[in-house]
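> no sequence on this one, just coordinates:
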C-alpha cells in the first residue's frame, strides 16, 4: 500500500506543472529595476573600539569581582584564626601572665575572663575536632 | 538556494551599503533570486499574476528596507522571509475575501485546470489539490522540501522553526498527501 502511494509521488515527480509567460524571467529584472524608487543608503556603522573591547572588559571586571570576594571571605577566616593566635592562647593558659594583666594591665578583669572562657571553649572544640578526625 | 555560482554574497552585501553601487548590487540580487522566490510564491498562491505582484512587492520591500539588512542573516534567508510574509498576508486577505473558514487553502486551486499557465496532467492537478488541503505551515514545508529540495537547516533559518519540528511537519504533510490520493482512489 505504502509503495503504491510513494509510486504516485515518484510518478508525479518534482515538476508541479506550472509555467510562466514566455521570456518572463528574462525581462523581470529590468522591469523590476525600473520600479525601484530612488533612495539613499547609509553605510553600516562600524563598531567603536569601546564596543569591540567592552565584552572583554566586563568579563575581566567579573573575574576581579570574584577574586575580591574570595579575598574578603579568606580575610574573615584569617581574622578568626588571628583571634585564636596560638601564642596568645598559650599566654592565656599561663596563670602568671593572667595575674600580671589583672594587676598591672589596662584590660579589665571581666574582659580577661571572657577571653579566657572563649579560649577554653575554642581549645575544647579543637580537641573534639582532632579526636573525631583521628 | 539559488542557482548562479558567480554570485558573491559578501561582496554584494558590501556594495548594498554604498550609494554608488547599491542599485547595481540590488539588480544582481533581483537577477539571482527572482526565479527561486517566484516558484516559492507560485506554489503557495498558484496564480501567476498574483505571484508576479507578490514577487515585485517582495523586492520593493527589500529595497526600501535595505538599511535594515546588516548582513547578520543570509541574504536569501532575509528575502525568503519577506516573500513568505507577503504570501501569507495575501492568502489571509484572499481567505477573508472568499469567506473561507476551513483549514487548508483549497479555494486557491479551484480553477487550476482553467489556468493558462498550468499545463499539468490529472495527477499534477490532484497533487496541487492535496498540497493545498494542508495547513499553511505544512504546505510551506512540503513545497520547500519536496519541490525545492531545500536543506532543513536553511528552512529552519527562514521559518524560524527547529529542524526536528520541520522534519515532523514534512513527515505529516507527506502522509496527508498520500492519504489524499488513497481517499480519492
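Okay, I see it. These figures come from a predicted structure and were not determined experimentally.

> Can you tell me which residue sits nearest the middle of chain B?
Taking Cα atoms, centre = their mean as the criterion, residue B:40 is the residue nearest the geometric centre of chain B, at 2.9 Å.

> Could you report the distance from it to chain A?
Using Cβ to the nearest Cβ, to the nearest Å, residue B:40 is found at 11 Å from chain A. Placement of C-beta: from N, CA and C, glycine included.

> got it, and residue B:134?
Relative to chain A, residue B:134 is positioned 14 Å away (Cβ to the nearest Cβ).

> Hmm, residue A:109 and residue A:102 touching each other?
Yes - with contacts counted by Cβ atoms under 8 Å, residue A:102 reaches residue A:109, the gap being 5.5 Å.

> And the residue of chain A closest to chain B?
residue A:17 (2.2 Å; Cβ to the nearest Cβ).

> Count the neighbours of that residue for me.
Other residues lying near residue A:17 total 18 when counted by other Cβ atoms under 10 Å in any protein chain shown.

> Would you map the helices across the chain?
The chain I'm using is chain A. Using DSSP state H, the helices of chain A run over residues A:2-12, A:24-35, A:49-83, A:86-92, A:95-104, A:109-133.

> let's do chain B instead
Secondary structure of chain B by DSSP H: the helices cover B:9-16, B:22-45, B:48-64, B:75-97, B:122-132, B:136-142, B:152-159, B:163-184.

> In a markdown table: these, plus distance to residue B:107 and mean pLDDT.
Formatted as a markdown table, the helices of chain B follow (distance: least, Cβ to Cβ, whole Å; pLDDT from 0 to 100):
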| stretch | distance to residue B:107 | mean pLDDT |
| --- | --- | --- |
| helix B:9-16 | 38 | 88 |
| helix B:22-45 | 11 | 94 |
| helix B:48-64 | 13 | 95 |
| helix B:75-97 | 8 | 92 |
| helix B:122-132 | 8 | 88 |
| helix B:136-142 | 13 | 93 |
| helix B:152-159 | 23 | 94 |
| helix B:163-184 | 16 | 90 |
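
> Please list all residues in contact with the closest residue to residue B:123 other than its chain neighbours.
In this structure, residue B:123 finds its nearest non-sequential neighbour in residue A:12, 5.2 Å apart by Cβ to Cβ, 6 or more residues apart in numbering or on different chains. By Cβ atoms under 8 Å, 6 or more residues apart in numbering or on different chains, the contact set of residue A:12 is B:123-124, B:127.
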